[in-house]
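S.K.: Can you look at this prediction? I've put the sequence above it.
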Amino acid sequence: MSRIYDSAFFMRIACGIEYDGEPFYGFQIQAQEPTVQSCLEKAIAKVANHEVRVICSGRTDTGVSAKQQVIHFDTTSHRTEWQWMMGINTASHEGISVLWVKSVDDQFHARFSAITRSYEYQILNRRVRPAINRHHLTWVSQPLNHNLMHDAVQILIGTHDFNALRSSHCQSHESVKTIHHAEVVRQGNVITLRVTANGFLHHMIRNIVGTLLPIGQGLKPVAWMAEVLTSLDRKQAGITAPPNGLSFTKVTYPEHFMLPEVTYD
């Protein structure tokens, strides 16, 4: 099989996918295997009968899941949308499912056409460690005040320099992002952080959670979040929270692309 680099006859295919992050070393191809990207490229290549390069809307780290990730790839092979979906699902890792497939024009780009991206982070807040869904929850045994955490995360809404809340290994040249929505809610013993922004920096959500935890525990005031943000210093923020508990939940695109949307009620 040969990789397609340029062809007047290629078609661009977009897919909505979900995956369980627990068995993967993140989305992006790397030395450690398996990764979501490598598994997808191998599966799609079997259906297309040629190598493909998969582009995603936003990379996720080791252990991070996705409910509605969007990818695209280019192909010269003609398949129906149903054949693409069933063929990829049959050939792919059991931890990955293609939810929909749509042929798009070559102006669509899974990463650069995206308008917003959304994540959620779930914390099990009880004295006893979890047995069920333990790979998809972060356990905090100390009592947390989710109302204080919610008040603190409101400080992050708007356009800010998030340098204090990104990984020291982040490769992005620009640390200014716009958060459109952020909330912390509680249902029983589960506390959920939901954030929607135009983009995210490496470990940004996990560092936000790590900064919210001392506030929820009463160790830091709500105003500490503003101090951390304006410091632009990663050392002033909280710890990097574990990856389990974090999931990529949604990405939006301009309406003219007419991409399907999967909802989780």
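M.R.: Looks like it arrived, so ask away.
S.K.: Next, A91: phi, psi?
M.R.: With angles defined as degrees, to the nearest 10, A91 sits at phi -90, psi -10.
S.K.: Over to the one 3 residues further on?
M.R.: Phi and psi for E94, reported as degrees, to the nearest 10, are phi -70, psi -20.
S.K.: Model confidence for it, exactly?
M.R.: According to the prediction, E94 has pLDDT 96.
S.K.: and what of C170?
M.R.: pLDDT at C170 comes out at 83.
S.K.: Numbering from 39 from now on, please.
M.R.: Yep, numbering from 39; the last one is C208 now.
S.K.: Nearest residue to it in space, please, no chain neighbours.
M.R.: Nearest residue to C208 in three dimensions, chain neighbours excluded: H240, at 3.8 Å (C-beta to C-beta, 6 or more residues apart in numbering). Just so you know, the C-beta spots here come from the backbone N, C-alpha and C atoms, and that holds for glycine as well.
S.K.: Kindly report the same for V108.
M.R.: Among residues not flanking V108 along the chain, S95 sits closest, at 4.4 Å (C-beta to C-beta, 6+ apart).
S.K.: Could you check how far that neighbour is from V289?
M.R.: S95 is 4 Å from V289, where distance means C-beta to C-beta, to the nearest Å.
S.K.: quick one: common contacting residues for those two?
M.R.: Common neighbours of S95 and V289, counting by C-beta atoms under 8 Å, 6 or more residues apart in numbering, are 107-108, 152, 155.
S.K.: returning to that earlier point: the residue nearest to V108: neighbour count?
M.R.: 24 (other C-beta atoms under 10 Å).
S.K.: From one end of stretch 106-121 to the other, what's the distance?
M.R.: Criterion C-alpha to C-alpha, to the nearest Å; first-to-last residue distance in stretch 106-121 is 20 Å.
S.K.: So for it, what gets flagged as buried?
M.R.: By neighbour count on 16 or more other C-beta atoms under 10 Å, the buried set for stretch 106-121 is 106-113, 115, 117.
S.K.: Please state the offset of that stretch from the chain centre?
M.R.: Remark: stretch 106-121 is offset 21 Å from the chain centroid, using C-alpha atoms, centre = their mean, to the nearest Å.
S.K.: How about stretch 175-191?
M.R.: Taking mean C-alpha positions (C-alpha atoms, centre = their mean), stretch 175-191 and its chain are 21 Å apart.
S.K.: Using PDB, list the CA coordinates for that stretch.
M.R.: What follows is stretch 175-191, C-alpha atoms only, in PDB (Å, rounded to 0.1, in the frame of the first residue of the first chain):
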ATOM      1  CA  LEU A 175     -13.200   8.700  37.400                       C
ATOM      2  CA  THR A 176     -10.700  10.500  39.700                       C
ATOM      3  CA  TRP A 177     -11.300   9.600  43.300                       C
ATOM      4  CA  VAL A 178     -11.000  12.300  46.000                       C
ATOM      5  CA  SER A 179     -11.900  11.100  49.500                       C
ATOM      6  CA  GLN A 180     -11.800  14.500  51.200                       C
ATOM      7  CA  PRO A 181     -15.100  16.400  51.100                       C
ATOM      8  CA  LEU A 182     -15.300  19.000  48.300                       C
ATOM      9  CA  ASN A 183     -17.500  22.000  48.100                       C
ATOM     10  CA  HIS A 184     -18.500  22.100  44.400                       C
ATOM     11  CA  ASN A 185     -20.100  25.500  44.800                       C
ATOM     12  CA  LEU A 186     -16.700  27.100  45.700                       C
ATOM     13  CA  MET A 187     -15.200  25.200  42.700                       C
ATOM     14  CA  HIS A 188     -17.900  26.500  40.400                       C
ATOM     15  CA  ASP A 189     -17.300  30.100  41.600                       C
ATOM     16  CA  ALA A 190     -13.600  29.800  41.000                       C
ATOM     17  CA  VAL A 191     -13.900  28.400  37.500                       C
END
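S.K.: Among the shared contacts of S95 and V289, which pair sits farthest apart?
M.R.: Q107 and A152 (10.9 Å; C-beta to C-beta).
S.K.: Please identify every residue contacting each of those two.
M.R.: 95-96, 289.
S.K.: Which residues are in contact with the residue nearest to V108?
M.R.: Residues counted as contacts of S95 (C-beta under 8 Å, 6+ apart) are 107-109, 148-149, 152, 155, 289.
S.K.: Nice, that's everything, thank you.
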